[in-house]
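Undergrad: Attaching a predicted model along with its sequence, questions to come.
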Amino acid sequence: MVLTQPMFTFLIVFGIVGGVVSLTTIVSLLIFQNEHEFLVIEKKKTELENLLKEAQLSNLASQIHPHFLFNSLNAITSLIRLKRNDDAEDSIFAISSLLRYTIQDSQQLVKLKEEIESAQMYLKIQKLRFGNRLDWNIEYTEKLEEVTIPMLTIQPLVENACKYGIEPKVNGGNINIQIEEVDKVIHIRIQDNGIGMSENTLNEFNQWKENKMESNLLGIGIKNTYQRIKHYYGERGDFSIKSSTEGTICLITLKEDNSFENTFS
């Protein structure tokens with residue numbers, strides 16, 4: 001079976017909307033294509049990027065940057081060229097899982113287990129680009145898996161750690177995610193050993209928290225995380241950042257309240 005360009009384009013867009021089935025189909029078909037067809041895919045990348053924009057996948061676009069998706073697909077194409085088909089299939093599964101998670105209604109509470117899995121899928125995808133320059137560790141007790149937290153609380157902070165902390169560092173680095181409960185307060189710590197956040201950005205974050213003044217330095221991920229925490233927890237939730245040239249620590253604290261029956265186990 002020959003995979004034509006229109007068919008490939010259709011499968012890409014349908015895969016973003018539909019998830020794992022169609023994306024897995026893409027990999028299965030690509031594996032049987034010759035080198036010429038891979039070159040066609042490379043040349044048509046810009047066309048596919050425009051097609052994604054025209055699809056108006058607003059919810060998806062607000063959570064996953066199109067370039068991240070296309071970079072990932074390009075990396076998967078390279079894996080197939082190298083006949084690393086198992087790695088390609090694993091990567092497609094990671095992308096599918098992340099897409100299915102992010103196209104849900106983001107204004108909801110989810111189990112901590114789901115949020116951690118989302119962060120893990122994101123890190124696995126980034127590993128395609130970073131290779132040995134990226135490593136991570138996640139620590140939490142099993143009893144916390146059923147705790148519910150605002151959706152997309154952890155993954156955007158992991159994304160920032162990769163993009164702004166680890167990527168600019170020549171030797172790369174690692175990200176440590178630690179979650180624990182102390183006196184009915186959940187502590188979520190995302191720490192990296194990257195290049196750190198500038199003092200201006202850190203000051204703008206603290207000022208934005210206090211008076212919501214406009215900031216050109218803060219990314220949407222940081223703002224959305226803080227706003228979701230405040231929306232669900234009010235004064236019982238907080239999000240702080242500490243940073244230096246040795247790395248950045250993002251700390252989220254969530255206190256128990258009777259109005260959230262299933263928030264804490």
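TA: Nice, I can see it.
Undergrad: alpha carbons only for contacts and neighbour counts from here, please
TA: Will do.
Undergrad: just checking, H231 is part of a helix?
TA: Yes. Counting by DSSP: H, G, I helix; E, B strand; the rest coil, H231 falls inside a helix.
Undergrad: low pLDDT regions in the stretch 1-150 of the chain?
TA: 1-71, 103-107 (pLDDT under 70).
Undergrad: all strands for this protein, in order.
TA: For the chain, the strands defined by DSSP state E occupy 109-111, 134-139, 148-150, 173-182, 185-192, 237-244, 247-255.
Undergrad: now the angle between strand 185-192 and the last one, please.
TA: Between the axes of strand 247-255 and strand 185-192, defined by axes from the mean of the first three to the mean of the last three CA atoms, to 10 degrees, the angle is 170 degrees.
Undergrad: circling back: between the strands of the chain, which one is closest to T77.
TA: strand 134-139 (20.6 Å; CA to CA).
Undergrad: Note down every partner strand of the closest one and its orientation.
TA: strand 173-182 (parallel) (DSSP bridges).
Undergrad: Check which residues of the strand it pairs with are buried.
TA: G173, N174, I175, N176, I177, Q178, I179, E180, E181 (16 or more other CA atoms under 10 Å).
Undergrad: ok, and what's touching it?
TA: Strand 173-182 is contacted from outside by 133-141, 144, 158, 161, 166, 186-194, using CA atoms under 8 Å, 6 or more residues apart in numbering.
Undergrad: what is the mean pLDDT for it?
TA: Strand 173-182 carries an average pLDDT of 95.
Undergrad: Likewise for stretch 191-201?
TA: In this model, stretch 191-201 has an average pLDDT of 92.
Undergrad: I'd like to check what contacts that stretch. Which residues are they?
TA: The contact list for stretch 191-201 (CA under 8 Å, 6+ apart) reads 161, 164-169, 172-177, 217-218, 243-250.
Undergrad: which of the residues you listed are buried?
TA: Buried among these by 16+ other CA under 10 Å: 161, 165-167, 172-177, 243, 247-250.
Undergrad: nearest to W208, of the residues you listed?
TA: For the buried ones among the contacts of stretch 191-201, the nearest to W208 is C250 (15.8 Å; CA to CA).
Undergrad: tally of neighbours for the residue nearest to that closest one when sequence neighbours are not counted?
TA: Distance criterion CA to CA, 6 or more residues apart in numbering; nearest residue to C250, sequence neighbours excluded, is I241 at 4.6 Å. By other CA atoms under 10 Å, the residues close to I241 number 17.
Undergrad: Let me know the pLDDT of I241.
TA: 94.
Undergrad: tell me the contacts of it?
TA: L202, T248, I249, C250, L251.
Undergrad: Who is the second one paired with across the strands?
TA: Per DSSP bridges, the residues bridged to T248 are D192, S243.
Undergrad: for it, what are its contacts?
TA: A161, G165, Q191, D192, N193, G194, G196, M197, I241, K242.
Undergrad: Look up how far N137 lies from I179.
TA: Here I179 is placed at a distance of 11 Å from N137 (CA to CA, to the nearest Å).
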